[in-house]
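**Q** Could you work out the structure for the sequence below:
(2 chains)
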Amino acid sequence: MLRGYEFEQVSFCMHKPGGKLPFDDGSVGAVLAVVENESLREQLVAEISQVLKAGGRVLVPSSAPSSSQKPNTDIERKLLMGGFVEVQASTASSQDNVQSIIVSGLNVMAKKASWSMGSSFPLKKATKALPKIQIDDDSELIDEDSLLAEEDLKKPQLPVVGDCEVGASRKACKNCTCGRAEAEAKVEKLELTAEQINNPQSACGSVVWVCGLGDAFRCGTCPYGGLPPFKPGEKVSLSGNFLAADI
Amino acid sequence: MAPSAAEADSAASSSGRLLVLYASQTGNAMDAAERVGREAERGGCPAVDVLSMDGFDPSRLPSERFVVFVVSTTGQGDPPDSMKGFWRDMLRKDLGAQWLEGVRHAVFGLGDSGYQKYNFAAKKLDRRLSHLGAERVVEIGLGDDQHPSGYEGALDPWLLSLWKSLNETNQSLLPRVSDINDPNLSTLGDPKVHVIYYSSNEVPQDSILSDPQKIMNSARTMSPALQFHDDGGPPYMLQMVANQRLTEEGSDRDVRHFELEDPSSAISYKTGDALEILASQNPSAVDAFIERCNLDPDCYVTIRGKSVDKISKGSAVSSLMDRIKLKTFVALTMDIASASPRRYFFEVMSFFSTAEHEKEKLQYFASPEGRDDLYQYNQKESRTVLEVLEDFPSVQMPFEWLVQLTPPLKKRAFSISSSPLAHPNQIHLTVSIVSWLTPFKRTRHGLCSTWLAGLNPRKDNTIPCWIHQGSLPPPHPSVALVLIGPGTGCAPFRAFVEERAAQTVAEPTAPVLFFFGCRNQDNDFLYKDFWLTHAQDEGVLSSKKGGGLFVAFSRDQPQKVYVQHKIKEQSARVWNLLLSGAAVYIAGSSTKMPADVTAALEEVICKEHGVKKEDASKWLRDLERVGRFNIEAWS
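**A** Numbering: from 1, shown residues only, chains lettered A, B, ... in the order given. As a prediction, this is how the structure comes out:
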């Protein structure tokens, strides 16, 4: 039964009713409890539990002759009530090589629970309450947050544009990450040639000449975009910005 | 509650009127509200009033019959400043579910679905109104900056359904409802501004103001566009005594440290306050505008809005009859070379255009079909009023319309980066000088930051200023601090650290953790020596004092490292400080940063205390309610 266990020390003692076992709490690895008349007093169970280490085992060999196959329910029950786990009754193996006093009959084995005394054991993550903030009960006013519900946090459906294309209706978001804001900032316009600077005419060949009228009248791609109004033939004045390369 | 005589009067007059209440932060909600009012007038509504929420007493709401709300939501999900008082009154528990019985309402919100708390201010208002017994005329309309056409993409169909619904239930409200969207009808109506002109010899010399401060006060009080924005002043005319560049020459960011003084007396301010500045416009731009509009720069004017429902705070009756040079009025109150005009500006221009192609283009820009092209031409190019007028040379708009429609010259606010304990007579600012390239490669500059950067401390200069309480409440010295301020967000925290260092001399102070972020240690580590000094020995940020200085240099290594990564690295320390009652402050100029940092803090709480994200999130919201979690973000 106790094969596979190594014991540093083996002690024998008699247990008197009402007495304490001469061992420190939680110091004993295994207890072999030999009892008379199949009776295991609750007090002894408690003592055994106290001196056993966490996970330690107790064995109560059967004192009944093998012919009596009655299961040792009383001892099992006492051990269970005493807080032991894995309580089970079993027969001795006849192949046991170890000289032992365990003969036939049902022997009860049990194990002390493997969590140690006094420790808290979270079954699931329990939430602790945060320290309460003392709010001066401005009892005159209702709590305005109570006016709104979950659904008020929903974002509106904005008109969907096919892709994040500049020039389509959708504006870049304030924290744009798709590059749309940068593309919007850079206006797609045709390059301004030297000829167009010195002798400005209509840039797009339209019959009604509007480029010189100013940004309000120009096409989005007009190369004169951003320049002040001018008259045809009058040389266009450029600000420094226009001479900077498009990066 | 028995109605008083005044209430009974207003009940009679408000039964047939349409009231449009708006809460605007940058002017968009105001534009939208004015459009609602104009369309109602076109439809023949007998009485229409368009008011900012901070000019209306909510206790008068029950006596209204038709109210349209036009409400912007800021990036953090908050209502605009002008709505805060109104909203507080609406949240009162004692109002009851019948308070607004008999009132019919409609809400239109302006927001940006790129933010988590999309249109929260409008949504909450709409719900609250219903709970209080008001009846919805139409479902809430949600304008979205992310929509290709901006908020007008939602406003156009919403208005159609609003007028239809109102007309079905109450035909007398809009007797000519079909006129609203009739393309054949184009009547302009009258301007809402009245101008009296005086030639210079008509004005007695002794009535002409000479003190610049008084002139400014007069002009800004007189301007109808500033009626609900301004609060008179400016109370301080400060002088710049230091102008230092904090970033390395050659780095693409120009961040300055400015020191301002009052030459005549001591300034009184608190750590955490904000300084509002009125920038000067380029004089040649003002001249160009006056010439383009055929105005006489030297004549004197008195200007009044025609419907004055609320006398603006701080204006004496006498100032309503002040006379001021036209050129001065333009320079001080009309933004002609920085802000872009609104859609309605283009619509009105079309009425005053004499060239057919210009008229067509202007009408197109003002139409729903032309909205996208207008956006490309106007907003994306940061087109100014002056540029637009120069692009449409045939337009001769009367001065009254120009006064009404030109965007008002607005003050710019900056967090003060000094503590009065360390610098009793100075105000320090940390300012990023703004410039950008438009899609057509035109360089644009921020008006105020550029003007400040160009001031020479060794020469005479004058900066008109107001001081206001900032949105970051100054902490008590016994409260531990977790400060997160990347980039120019470090400005208010420089003030906090200066303050605490000064306080430590006299009394024990609680520890401070400061998280800073920038691109490169060598380029833009703002106030590097200041932070390092306070992190050494027994400084406020030193480990000896339980403090800490943590810096993320995002571009100094292949992978990006930001403040939120540093926060997570210091998870245990941050949590311990929070447990001990620390207050968290987040400041900076990015739209995403506050959300990213908040998420990092939630992760810290989850990890250190083993709770679920929702619980951590709620805990931070509770901290916010008691003033221990504060965010100041600017765009």
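**Q** other SSEs contacting the strand or helix carrying B:Phe289?
**A** Using DSSP states H and E, B:Phe289 maps to helix B:283-292. Packing contacts for helix B:283-292, counted by 3 or more CB pairs under 8 Å, 6 or more residues apart in numbering or on different chains; DSSP states H and E, involve helix B:326-333, helix B:385-391. For the C-beta atoms, the positions are set from N, CA and C on the backbone; glycine is no exception.
**Q** Select, out of the ones you listed, the one closest to chain A.
**A** helix B:385-391 (4.1 Å; CB to the nearest CB).
**Q** picking up where we left off before, out of the helices and strands packed on helix B:283-292, which one sits most buried?
**A** With neighbours defined as mean count of other CB atoms under 10 Å in any protein chain shown, the helices and strands packed on helix B:283-292 peak in mean count at helix B:326-333, which reaches a mean of 22.
**Q** can you pull the buried residues of the very next helix or strand once past that one?
**A** Downstream of helix B:326-333, the first helix or strand assigned by DSSP H and E is helix B:343-351. Judged by neighbour count using 16 or more other CB atoms under 10 Å in any protein chain shown, the buried positions of helix B:343-351 are B:Arg343, B:Phe345, B:Phe346, B:Glu347, B:Val348, B:Met349, B:Ser350, B:Phe351.
**Q** Could you do stretch B:99-113 as well?
**A** B:99-100, B:103-113.
**Q** Helices - which of these land there?
**A** Of these, none are assigned to helices by DSSP state H.
**Q** that older thread, what's the helix holding B:Phe289 in contact with?
**A** B:Pro297, B:Leu326, B:Lys327, B:Val330, B:Ala331, B:Ile336, B:Ala337, B:Val385, B:Leu386, B:Leu389, B:Glu390 (CB atoms under 8 Å, 6 or more residues apart in numbering or on different chains).
**Q** Those: which two are farthest apart?
**A** Spatially, the most separated pair among the contacts of helix B:283-292 is B:Leu326 and B:Glu390, at 19.7 Å (CB to CB).
**Q** Which residue ranges make up the domains of the chain?
**A** This is for chain A. A:28-93+A:100-112, A:193-233 (the TED database).
**Q** that's the wrong chain, I wanted chain B
**A** Split by the TED database, chain B gives B:11-181, B:481-633.
**Q** May I see those arranged in a markdown table, with distance to chain A as well?
**A** Below are the domains of chain B laid out as a markdown table (distance: least, CB to the nearest CB, whole Å):
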| stretch | distance to chain A |
| --- | --- |
| domain B:11-181 | 4 |
| domain B:481-633 | 4 |
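**Q** mean pLDDT for those: which is lowest?
**A** Mean pLDDT per stretch puts domain B:11-181 lowest among the domains of chain B, at a mean of 88.
**Q** picking that back up, which among the domains of chain A is found nearest to chain B?
**A** domain A:193-233 (3.0 Å).
**Q** and A:Gly55, which of the domains of chain B is closest to it?
**A** That would be domain B:481-633 among those, by CB to CB, at 28.8 Å.
**Q** Just the endpoints, please. Distance across the closest one?
**A** 18 Å (CA to CA, to the nearest Å).
**Q** Any idea how many residues pack against the residue in chain B that chain A sits nearest to?
**A** Here chain B gets closest to chain A at one residue, B:Phe440, 3.0 Å apart by CB to the nearest CB. By the criterion of other CB atoms under 10 Å in any protein chain shown, B:Phe440 has 20 neighbours.
**Q** Give me the pLDDT for A:Gly63.
**A** Small correction: residue A:63 is Ser, not Gly. A:Ser63 carries a pLDDT score of 63 in this model.
**Q** What of B:Pro263?
**A** pLDDT, B:Pro263: 87.
**Q** need the contact list for it.
**A** Applying CB under 8 Å, 6+ apart, one finds that B:Pro263 lies in contact with B:Gln239.
**Q** Would you agree A:Asn26 falls within a helix?
**A** Careful, residue A:26 is Gly and not Asn. No - checked against DSSP: H, G, I helix; E, B strand; the rest coil, A:Gly26 lies outside a helix; its state is coil.
**Q** Is it correct that it is in contact with A:Gly55?
**A** No - using CB atoms under 8 Å as the test, A:Gly26 is too far from A:Gly55 to be in contact (10.3 Å).
**Q** Next, the buried residues of stretch B:353-366.
**A** Buried residues in stretch B:353-366, counted by 16+ other CB under 10 Å: B:Ser353, B:Glu358, B:Lys359, B:Lys361, B:Leu362, B:Gln363, B:Tyr364, B:Phe365, B:Ala366.
**Q** Which residues lie in contact with the fourth one in this structure?
**A** When contacts are counted by CB under 8 Å, 6+ apart, B:Lys361 is found next to A:Ala216, A:Phe217, B:Phe392.
**Q** where along the stretch 401-550 of chain B do the helices fall?
**A** Counting by DSSP state H, counting those that start in this stretch, the stretch 401-550 of chain B has these helices, from start to end: B:447-453, B:491-504, B:528-535.
**Q** Just name the most buried of these.
**A** Each of those was scored by mean neighbour count; the highest is helix B:491-504, a mean of 24, by mean count of other CB under 10 Å.
**Q** Residues in contact with that helix: which ones?
**A** Outside helix B:491-504, the residues that touch it by CB under 8 Å, 6+ apart are B:271-272, B:414-419, B:421-423, B:428-430, B:470, B:472, B:474-475, B:477, B:481, B:483, B:485, B:509, B:512, B:514, B:527, B:530-531, B:534, B:539-541, B:545, B:585, B:587, B:632.
**Q** For that helix, what is the distance to the chain centroid?
**A** Relative to its chain's centre, helix B:491-504 lies at 27 Å (CA atoms, centre = their mean, to the nearest Å).
**Q** For the strand ranked longest in chain B, what does the pLDDT average out to?
**A** Longest strand in chain B, counting residues (DSSP state E): strand B:236-245. For strand B:236-245, the mean per-residue pLDDT is 96.
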